[in-house]
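turn this into a model:
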Amino acid sequence: MLAPQRQAQILTDLQSSGGVRVSDLVRKLGVSDMTIRRDLEALARRGLLEKVHGGATLPVQPVSEEPGFVAKSARELQEKDSIGRAAARLVEPGATVAISAGTTTWALAKHLGTVPGLTVVTNSVPVADALSAAEASDRTVILTGGVRTPSNGLVGSVAVASLRSLHVDVVFMGVHGMDERAGLTTPNLAEADTNRAMIESGRRLVVVADHTKWGTVALARFAQVDDIDVVVSDRRLPGRAVEVLGEAAEVVLAGSEDADAGTSGADGVAEGVS
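Next comes the predicted model:
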């Protein structure tokens, strides 16, 4: 097993359990103690874990930390693209949808180019740009306006007022964090208010979030897990997350071959939303 493969497995185990031991990784991966420690050191330098005595844990981020759009857009590229492609399949021609700010929702927007007759409400400049770039004369894009955040979202009173005057079929929501107890969270208070208003404008809520968002808790909660109708994530989503989310919502797990993506939940996967 090559170093990148070992390190990917270490991160998968870390996301599932929250912590790993050097001794367990030595047995599981069949390499030396020194090799594992070098892998942990390499991952720690990238900020992907924190080394502790005898192993490593997930890094603890300040609840108010808000990475910029460019920084976030470089993370989990394959997963976000697969999630965006799978989520786009839930959109029927002629639907009216709202799309929140975020890099995963941006990935979704890039897969909506072939869906005819869409009306899209968004508070994301990159999402609006991606939709406007697609060659579709029958598409309407409504940008809310507002104050721009580090994540390129438009938030605040102007955005909230715009959203409260509108009604959409389905809301596609990106999240900074998703947790069993804390719910859906963001480090930006104004963005939390804007997200609440967007959720209230829709009949259904679809959350698009890669596996790294599970267990992350930011400053402000804007929804509970029970508010979600569908979750679209990737196949590295921890089993506990699938279990918890599946009790409240349909769960779509997308992968590189997401045409046969796995699902859970009482009703399976919605073939479309409108």
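
C-terminal to the helix-or-strand element of the chain with minimal mean pLDDT, what's the next element?
Least confident helix or strand, the chain: helix 69-73 with a mean of 48, by mean pLDDT, DSSP states H and E. Note on helix 69-73: by DSSP states H and E, the next helix or strand toward the C-terminus is helix 77-88.

for that next one, name the packing helices and strands.
Helix 77-88 sits against helix 103-109, strand 202-208, strand 230-234, strand 250-254, with contacts defined as 3 or more C-beta pairs under 8 Å, 6 or more residues apart in numbering; DSSP states H and E. For glycine as for every other residue, the C-beta is placed from the backbone atoms N, C-alpha and C.

name the surrounding residues that touch the second one.
If you take C-beta atoms under 8 Å, 6 or more residues apart in numbering as the criterion, strand 202-208 is touched by 83-84, 87, 90, 98, 102, 104-105, 107-108, 167-175, 178, 184, 199, 223, 227-233, 249, 273.

now which of the residues you listed would you call buried?
83-84, 87, 90, 98, 102, 104-105, 107-108, 168-175, 178, 184, 199, 223, 227-233, 249, 273 (16 or more other C-beta atoms under 10 Å).

can you lay out the helices and strands packed on helix 77-88 as a markdown table showing mean pLDDT and distance to residue 55?
A markdown table is the format used below for the helices and strands packed on helix 77-88 (pLDDT from 0 to 100; distance: least, C-beta to C-beta, whole Å):
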| stretch | mean pLDDT | distance to residue 55 |
| --- | --- | --- |
| helix 103-109 | 94 | 30 |
| strand 202-208 | 98 | 31 |
| strand 230-234 | 97 | 25 |
| strand 250-254 | 96 | 28 |
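
which non-adjacent residue is nearest the most centrally placed residue in the chain?
Nearest residue to the geometric centre of the chain (C-alpha atoms, centre = their mean): residue 209, 1.8 Å. Take residue 209 and drop its neighbours on the chain: the residue closest to it by C-beta to C-beta, 6 or more residues apart in numbering is residue 175, 5.0 Å away.

same question, residue 252
Nearest to residue 252 is residue 232, by C-beta to C-beta, 6+ apart, at 4.5 Å.

how's this protein carved up into domains?
3-57, 69-264 (automatic domain parsing).

tell me the most buried of those?
Across the domains of the chain, the average number of neighbours (mean count of other C-beta atoms under 10 Å) peaks for domain 69-264, which reaches a mean of 20.

centre of the chain versus that one, how much separation?
Taking C-alpha atoms, centre = their mean, to the nearest Å, the mean C-alpha location of domain 69-264 is offset from the chain mean by 7 Å.

which helix or strand contains residue 170?
strand 168-174.

surely residue 191 touches residue 153?
Yes - Residue 191 is within contact range of residue 153, at 5.8 Å (criterion: C-beta atoms under 8 Å).

pull up the overlap in contacts between those two.
Contacts common to residue 191 and residue 153, judged by C-beta under 8 Å, 6+ apart, are residue 101.

roughly how far apart are residue 116 and residue 223?
30 Å (C-beta to C-beta, to the nearest Å).

repeat that for residue 91.
20 Å.

then residue 7?
Distance, residue 7 to residue 223, by C-beta to C-beta: 33 Å.

residue 105 now?
Counting by C-beta to C-beta, the gap from residue 105 to residue 223 is 15 Å.

go on, residue 21?
From residue 21 over to residue 223 (counting by C-beta to C-beta), the distance is 35 Å.
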